[in-house]
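Student: predicted structure and sequence below. I'll ask about it afterward.
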Amino acid sequence: MTAKKMRLPIAPPYPPMETRSSEAIPTGDEWQYEPKWDGFRCLVFRDGDEIFLQSKNGLPLARYFPEMVEHVRALKAKKFVLDGELVIRVGKSLSFEELQNRLHPAESRVRKLSREHPASYLVFDLLADDRGTSLVAMPLRERRRRLEAFAKRYFSGGSIRLSKATKQRRVVDTWLSSVGGALDGIIAKRLDLDYRSGDRTGAQKIKKLRTADCVVGGFRYASGSKVIGSLLLGLFDDRGLLNHVGFTSGLSEDERKSLVRTLKPLIRPPGFTGRAPGGPSRWSTDRTDQWEPLAPKLVVEVSFDHVSDDRFRHGTRLLRWRPDKSPRQCTMEQLESAGGASVLKLST
């Protein structure tokens, strides 16, 4: 599916509007708030029979989500550009791991996964309407009004849905209390601004940081050296098995060197007795799959912003060492979602 044949005012690759991080939620009548979903950012372009799904970094996604191409094709609107998030729901949560599993070279594997765990598309902006008219110069207030009308006319409550938006702070507080189940945080957008392709002004993302005490079950050396690159974190499950749940790498140069003396005497297999660290990430193919196992003696407190599939979704921040904490007290219960927000309750 090539994008070159499309006769649209906006053509891929088209950089989506981005956000900047903020610790506080901005307030005022000029702000609209939206859920920040735990998924893949995706722009959908349609011009008749031509359909193009674009990732955040401008790459095609259609071959990895064939079911979404068919859902887009089923819409009665024949010409438009949408901005939204591809998600896969597993139980009450969204599974980022299932999204990653789709990035597979074998078409048969992708087709199988698309049947087992079909994706949904949560739409939060309309960049070109059903007549192929560009709306990016309009303020968000007007684009949202037109998106809601577009959704009412063309969305049928299936796999393509309108993502919620609100101007009420009490609703935002409810969403934030549910971070961890389906949400990755909150997005605040200026209602009076146009759609700023590739720009971070006018939109902010706010994440809710939490903390957990974790066992240091292993470590990786820094690339090309013998200083510590990252600490591998683990938590005990109800069977007493130590499961790998993430890593922390925000260490100073002095810490990377001094930790070698601390950790080397503790090198002892197996390190993790349950789920162990995997190989290279699909997103970071230069990462090594080599790691050193440690006896479960050391505990650290880390901050994190989101959990997906019982793992920290992003790297954590090391807050402090906890020599006062028993490793056996570091359990998976710390990762349980505060509310497990339902995808359907936060979309229309």
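Tutor: Happy to help now that I have it. Owing to the predicted nature of the structure, the values given are computational and were not obtained by experimental measurement.

Student: where does pLDDT dip in this structure?
Tutor: 1-4, 178-182, 279-289, 337-346, 348 (pLDDT under 70).

Student: if we use 50, what do you get?
Tutor: Residues of the chain meeting the criterion pLDDT under 50: 1, 279-288, 338-341.

Student: pull out the buried residues from the longest strand anywhere in it.
Tutor: Longest strand in the chain, counting residues (DSSP state E): strand 210-221. Residues of strand 210-221 classed as buried: 210, 212-221 (neighbour count, 16 or more other Cβ atoms under 10 Å). Just so you know, the C-beta spots here come from the backbone N, C-alpha and C atoms, and that holds for glycine as well.

Student: in this protein, which spans are helices?
Tutor: Shown for the chain, the helices assigned by DSSP state H span residues 66-74, 96-101, 107-116, 140-154, 169-177, 253-263.

Student: so how far is L53 from the most centrally placed residue in the chain?
Tutor: Closest to where the C-alpha atoms of the chain average out (Cα atoms, centre = their mean) is D38, at 3.7 Å. Here the criterion is Cβ to Cβ, to the nearest Å. By it, D38 lies 18 Å from L53.

Student: so what's E148 up against?
Tutor: L162 (Cβ atoms under 8 Å, 6 or more residues apart in numbering).

Student: ends of stretch 312-326, what's the gap?
Tutor: Chord length of stretch 312-326, first to last residue, is 21 Å (Cα to Cα, to the nearest Å).

Student: just stretch 19-32 next, same as before
Tutor: Rule used - Cα to Cα; the end-to-end distance of stretch 19-32 is 14 Å.

Student: may I see the buried residues of it?
Tutor: Buried-residue list, stretch 19-32, by 16+ other Cβ under 10 Å: 19, 30-32.

Student: repeat that for stretch 163-173.
Tutor: Applying 16+ other Cβ under 10 Å to stretch 163-173 flags 163-165, 172 as buried.

Student: try stretch 113-122
Tutor: Here stretch 113-122 shows 113-114, 117-122 as buried, counting by 16+ other Cβ under 10 Å.

Student: who touches that stretch?
Tutor: With Cβ under 8 Å, 6+ apart as the criterion, stretch 113-122 contacts 37, 39, 42, 44, 65-68, 71-72, 82, 84-90, 95, 98-99, 101-102, 104, 159-163, 343, 347.

Student: and for stretch 62-81?
Tutor: 1, 8, 10, 14, 43-49, 51-53, 86, 102-104, 107, 110-111, 114-115, 118-119, 121, 126-132, 150, 153-155, 158-160.

Student: returning to what we had before: pull out the buried residues from the contacts of stretch 113-122.
Tutor: Looks like these have 37, 39, 42, 44, 65-68, 71-72, 82, 84-89, 95, 98-99, 101-102, 159-163, 343, 347 buried, using 16+ other Cβ under 10 Å.

Student: now distance to L193 too, for the helices of the chain, in JSON lines please.
Tutor: Output for the helices of the chain, formatted as JSON lines (distance: least, Cβ to Cβ, whole Å):
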{"stretch": "helix 66-74", "distance to L193": "27"}
{"stretch": "helix 96-101", "distance to L193": "29"}
{"stretch": "helix 107-116", "distance to L193": "36"}
{"stretch": "helix 140-154", "distance to L193": "6"}
{"stretch": "helix 169-177", "distance to L193": "19"}
{"stretch": "helix 253-263", "distance to L193": "41"}
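
Student: nearest to S326, of the ones you listed?
Tutor: helix 253-263 (18.4 Å; Cβ to Cβ).

Student: re earlier: phi, psi for the residue nearest to the centre of the chain please.
Tutor: Main-chain torsions, D38, degrees, to the nearest 10: phi -90, psi 80.

Student: and K205, what are its bridge partners?
Tutor: S21, I187 (DSSP bridges).

Student: so who does it touch?
Tutor: Counted by Cβ under 8 Å, 6+ apart, K205 has contacts 19-22, 36, 185-188.

Student: go again with 10 Å.
Tutor: 18-22, 34, 36, 184-188 (Cβ atoms under 10 Å, 6 or more residues apart in numbering).
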